[in-house]
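K.L.:
Just to be clear, the model below is a prediction. Sequence and coordinates:
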Amino acid sequence: MNPISQALREFLKDEEIEIFDNTQYQFSSLEDDEEIIVVLNYFGDENLYIQTGEGQAVLAFGQWRKTYDDSYEDIELLKDDIAQIMTNNSYVWTIIDSRNCIVGYVDHHGVQYLESTNELGWAYRSSNEFLKTIAADEGSQNFLFWDPALNNAVQPSQFLI
């Protein structure tokens, strides 16, 4: 087991998790030091997935992906991001129009966009062109919370209506 997995297993000891590694046929493409930790979500639509290896981890929640290295600081940041998601203090915001999809991770620092989805470099609060394009294309938006019943963090005036 790699050091990131060890740290996360300890951190998530009170949660219901599943562990997958290359000893299971469907995960045979994983390296010997890699595993996937799944935090089961009985409140919402999506589980939390963390793929760990010797040098890095990838956190996935809905369409959001973020990579962390194996430094102490990044492992602590990963644990903090997990805690923020599982307490509804952060969430994934997806905007879809006919040609584009933008995925953002929203927390108390603001919005971090998934680079591969924000090809035009739009910042939704500062770009009238962004708002006009989404409205013209009859776009939609989705908010993914760990526990949708507790999603009182969204202020509709901050987003597209």
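P.N.:
Perfect, thanks for sending it. Just so it is clear, the structure is predicted and the values come from calculations on it, not from any experiment.

K.L.:
What's the first helix or strand after the lowest-mean-pLDDT helix or strand in the chain?
P.N.:
Taking mean pLDDT, DSSP states H and E as the measure, the helices and strands of the chain show their lowest mean at helix 128-136, namely a mean of 66. Under the assignment DSSP states H and E, the closest C-terminal helix or strand after helix 128-136 is strand 140-144.

K.L.:
which residues sit against the strand or helix carrying Glu10?
P.N.:
If you go by DSSP H and E, Glu10 is part of helix 3-11. Outside helix 3-11, the residues that touch it by CB atoms under 8 Å, 6 or more residues apart in numbering are 1, 17, 19, 35, 37, 50, 52-54, 56-57, 68, 70, 75, 78-79, 82. In short, each C-beta sits where N, CA and C put it, glycine included.

K.L.:
out of the residues you listed, which are inside strands?
P.N.:
Using DSSP state E, the subset of the contacts of helix 3-11 located in strands is 17, 19, 35, 37, 50, 52, 56-57, 68.

K.L.:
Closest one of these to Val111?
P.N.:
Proximity of those to Val111 was ranked by CB to CB; the top entry is Tyr68 with 19.0 Å.

K.L.:
where are the low-confidence patches of this protein?
P.N.:
98-99, 118-135, 151-161 (pLDDT under 70).

K.L.:
Buried residues, stretch 105-112. List them.
P.N.:
By neighbour count, with 16 or more other CB atoms under 10 Å as the criterion, the buried positions of stretch 105-112 are 105-107, 111.

K.L.:
which residues does the residue nearest to Gln63 when sequence neighbours are not counted contact?
P.N.:
The shortest distance from Gln63 to any residue other than its chain neighbours is 4.4 Å, reached at Val103 (CB to CB, 6 or more residues apart in numbering). With contacts defined as CB under 8 Å, 6+ apart, Val103 is in contact with 62-64, 92-94, 113-114, 117-118.

K.L.:
on that earlier part again, a markdown table please, covering the buried residues of stretch 105-112 and showing distance to Met86 and secondary structure.
P.N.:
Supplementary listing: the buried residues of stretch 105-112 in a markdown table, determined by distance: CB to CB, whole Å; DSSP: H, G, I helix; E, B strand; the rest coil:
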| residue | distance to Met86 | secondary structure |
| --- | --- | --- |
| Tyr105 | 14 | strand |
| Val106 | 15 | strand |
| Asp107 | 13 | strand |
| Val111 | 19 | strand |
